[in-house]
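Enquirer: Sequence first, then the predicted structure:
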Amino acid sequence: MFSKEIYIKRREQLRKDIKTGLILIQGNTEASFNYPSNTYSFRQDSTFLYFFGLKQPDLFGALDCESGDDWIFGEDASMDDIIWMGDLPKIKQLAASVGVKKSDGFSKLQSMINDAIAKGRRIHILPPYRAENQMQLAKLLGIKNSGLKNYVSIDLIKACVKQRSIKSGEEIAEIEKAMETAYLMHTTAMKMSKQGVFEYEIAGKIEGIALEHGGPVSFPVILTINGQTLHNHYHGNKLKKGRLMLTDAGCETDMHYCSDITRTVPVGGKFDNRQKDIYEIVLDANLTATKNIKAGITYKEVHLKSCKVIASGLKDLGLMRGDIDEAVAAGAHALFMPHGLGHMMGLDVHDMENYGENYVGYDNEVQRSTQFGLASLRLGRKLQTGFVLTNEPGIYFIPALIDKWREEKTAKNYINFEKLESYKDFGGIRIEDDILVEKTGARVLGKPIPKTVAELEEIMS
């Protein structure tokens, strides 16, 4: 945990922003894997971690805006718990460790909520994303699950986004720790990318590295020779020379701050000319984005600059044609890059997206597009100093999408479908870094992970 003063300050700011009412922040409970006592690895809710810092399951936090009181609710361990889990701190001790002076059992929480409802006080909750949390909240509020949406507080969502978007020095240091492990994960994957190796051998090795360094992976490992499938979690293919291997993977620290890195490498260690041509375009798009990231620019602008680099490079190869500005405005490049340039990152690998993507990535100034490709941009709003985000352009040759666009004559003035036929066996390339937004520019976090053609071929040799 951070010092208790950090959590106290965060809660004080939250009360100041919300002003009135009772704020409820729900911790997570254990979730069963295949029978009740065999559970998934426990992961605490990130909002609860941010404001209370406690990783134990079955806790509930409350902030009273009028009285200024904070509460931690939970039940002390029974003897059965102690037998199976060992000695556990009392709820009062847990609360005190993060500067919370009041604690009690769940019966007191129910009484507090009943009293607030009787007095007509506003109760603020965030959108629950687990079924068991929905049921617990509905029971506490005395309503059906379907009525929870009436209690979800947009004010609370916006106040949490406001605080959590700006990363403190302590948070950045944690993300840098996650980057150290990501370096080992990705350089290990590069060295293992050889003819005859199965994807699952590499995926298992790098997940083991994450666990070895104190945290799980920050999301299920994407490692595949079929990089044209954006979130490909299948690991059963045998690597063959002539194919590319895309690895999108990161880890969490012990305090659950994340890393999220993608590298694409040639199986066997040498790019052929066709692979090198496409790779250099993606790398140029990645570097162009980094050069343009700074406080005050919208990420939508950075995304579009990166897309123009991709479209221009593909035009040089004869795969696109026509005016580049017009092609990007029409969304023609999205045949090759149907996703956005990046997303916020922090305690969640897609930071705060449980609140709703549009609250995190957009605002009254920048609205989300409905255009194919651009609609998938998770972060579009104006950047501020202290944001941590991903920069992950890519080029993908998706046979089904190519066939659909060709049949429907989509963007026919900008796409050379005849030449594109010979690229259907290519796969996909993505290059992703984690970026700290600074006042006059951007800093790529962590020890540099090889990404130029020369660097990759050297480390794989």
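Expert: That came through fine.

Enquirer: Buried ones in the helix or strand where G313 lies, by neighbour count?
Expert: Under the criterion of DSSP states H and E, G313 resides in helix 299-316. For helix 299-316, a neighbour-count test (16 or more other Cβ atoms under 10 Å) marks 299-300, 302-315 as buried. C-beta here means a position set from N, CA and C on the backbone, and glycine is covered the same way.

Enquirer: And stretch 160-173, how far out from the chain middle?
Expert: 14 Å (Cα atoms, centre = their mean, to the nearest Å).

Enquirer: Look up how far F42 lies from Y257.
Expert: Noted for Y257: a distance of 17 Å to F42, by Cβ to Cβ, to the nearest Å.

Enquirer: To clarify, my last question referred to S369.
Expert: 38 Å.

Enquirer: before we move on, what about L244?
Expert: 36 Å.

Enquirer: The two - which one has more neighbours?
Expert: L244 (24 against 13; other Cβ atoms under 10 Å).

Enquirer: that older thread, quick check, nearest of the buried residues of helix 299-316 to Y423?
Expert: Proximity of the buried residues of helix 299-316 to Y423 (Cβ to Cβ) peaks at L314, which lies at 10.0 Å.

Enquirer: Excluding sequence neighbours, find me the nearest residue to that closest one.
Expert: M320 (4.3 Å; Cβ to Cβ, 6 or more residues apart in numbering).

Enquirer: What sits closest to the spatially most central residue of the chain if chain neighbours are left out?
Expert: Closest to where the C-alpha atoms of the chain average out (Cα atoms, centre = their mean) is H350, at 2.0 Å. Excluding the flanking residues, the one nearest H350 by Cβ to Cβ, 6+ apart is H343, at 5.1 Å.

Enquirer: got the phi/psi numbers for the one you found?
Expert: Main-chain torsions, H343, degrees, to the nearest 10: phi -150, psi 170.

Enquirer: mind checking pLDDT for it?
Expert: Confidence at H343, expressed as pLDDT, is 98.

Enquirer: give me the number of residues near it?
Expert: 23.

Enquirer: My guess is it contacts L389. True?
Expert: Yes: in terms of Cβ atoms under 8 Å, H343 counts as a neighbour of L389; the distance is 6.5 Å.

Enquirer: shared neighbours, the two?
Expert: Counting by Cβ atoms under 8 Å, 6 or more residues apart in numbering, the residues touching both H343 and L389 are L379.

Enquirer: Relative to I83, how far out is A77?
Expert: Counting by Cβ to Cβ, the gap from A77 to I83 is 10 Å.

Enquirer: Could you check which of these two is surrounded by more residues?
Expert: Shown here are A77 and I83; by other Cβ under 10 Å, A77 has more neighbours (18 against 9).

Enquirer: Next, count neighbours for the spatially closest residue to that one that is not a sequence neighbour.
Expert: Nearest residue to A77, sequence neighbours excluded (Cβ to Cβ, 6+ apart): L88, at 4.2 Å. Neighbours of L88 under the rule other Cβ under 10 Å: 14.

Enquirer: Next up, phi/psi of L88, please.
Expert: Dihedral angles (degrees, to the nearest 10) for L88: phi -120, psi 140.

Enquirer: Would you mind measuring from M345 to K55?
Expert: Applying Cβ to Cβ, the value for M345 to K55 is 20 Å.

Enquirer: check contacts around I225.
Expert: E199, N237, L239, K240, R243, L244, M245, L246, V267, G427.

Enquirer: same check, this time on L184
Expert: Contacts for L184 were tallied using Cβ under 8 Å, 6+ apart; they are I209, H213.

Enquirer: same thing but 6 Å
Expert: I209 (Cβ atoms under 6 Å, 6 or more residues apart in numbering).

Enquirer: In three-state terms, label it for me.
Expert: helix (DSSP: H, G, I helix; E, B strand; the rest coil).

Enquirer: do the same with G208
Expert: Applying three-state DSSP: G208 is helix.

Enquirer: Let me know how buried it is, in neighbour terms.
Expert: G208 has 13 nearby residues by other Cβ under 10 Å.

Enquirer: can you pull the pLDDT of it?
Expert: For G208, pLDDT reads 98.

Enquirer: Look up how far A95 lies from it.
Expert: 36 Å.

Enquirer: Next: A311.
Expert: Counting by Cβ to Cβ, the gap from A311 to A95 is 55 Å.

Enquirer: Tell me if I'm right that R381 and N364 touch.
Expert: No: using Cβ atoms under 6 Å, R381 is not in contact with N364, being 9.4 Å away.

Enquirer: out of these two, which sits in the more crowded spot?
Expert: R381 (21 against 6).

Enquirer: For the more buried one, grab phi and psi.
Expert: Per degrees, to the nearest 10, the backbone of R381 is at phi -80, psi 180.

Enquirer: do D81 as well
Expert: Backbone phi and psi, for D81 under degrees, to the nearest 10, turn out to be phi -60, psi -40.

Enquirer: Could you tell me how many residues sit around it?
Expert: Neighbours of D81 using other Cβ under 10 Å come to 13.

Enquirer: Nearest spatial neighbour of it, chain-adjacent residues omitted?
Expert: L88 (6.6 Å).

Enquirer: Return the distance of that neighbour relative to N133.
Expert: 22 Å.

Enquirer: Same check on D425?
Expert: Taken as Cβ to Cβ, the span from D425 to N133 is 45 Å.

Enquirer: And those two? Which one has more around it.
Expert: N133 (19 against 11).

Enquirer: Put the alpha carbons of the helix or strand containing the more buried one into CSV.
Expert: In this structure, N133 sits in helix 131-141 according to DSSP H and E. Coordinates of each C-alpha in helix 131-141 appear next as CSV, following Å, rounded to 0.1, in the frame of the first residue of the first chain:
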residue,chain,number,x,y,z
ALA,A,131,-23.3,-10.4,-10.8
GLU,A,132,-22.5,-11.0,-7.2
ASN,A,133,-21.9,-7.3,-6.6
GLN,A,134,-25.1,-6.4,-8.3
MET,A,135,-27.0,-8.8,-6.0
GLN,A,136,-25.3,-7.4,-2.9
LEU,A,137,-26.0,-3.8,-3.8
ALA,A,138,-29.6,-4.5,-4.8
LYS,A,139,-30.2,-6.2,-1.4
LEU,A,140,-28.6,-3.4,0.5
LEU,A,141,-30.7,-0.8,-1.3
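
Enquirer: got the buried residues for that helix?
Expert: Those would be N133, Q134, Q136, L137, A138, L140, L141, for helix 131-141 by 16+ other Cβ under 10 Å.

Enquirer: hmm, who's touching that helix?
Expert: Contacts for helix 131-141 (Cβ under 6 Å, 6+ apart): Q26, T29, I113, P128, N145, L148.
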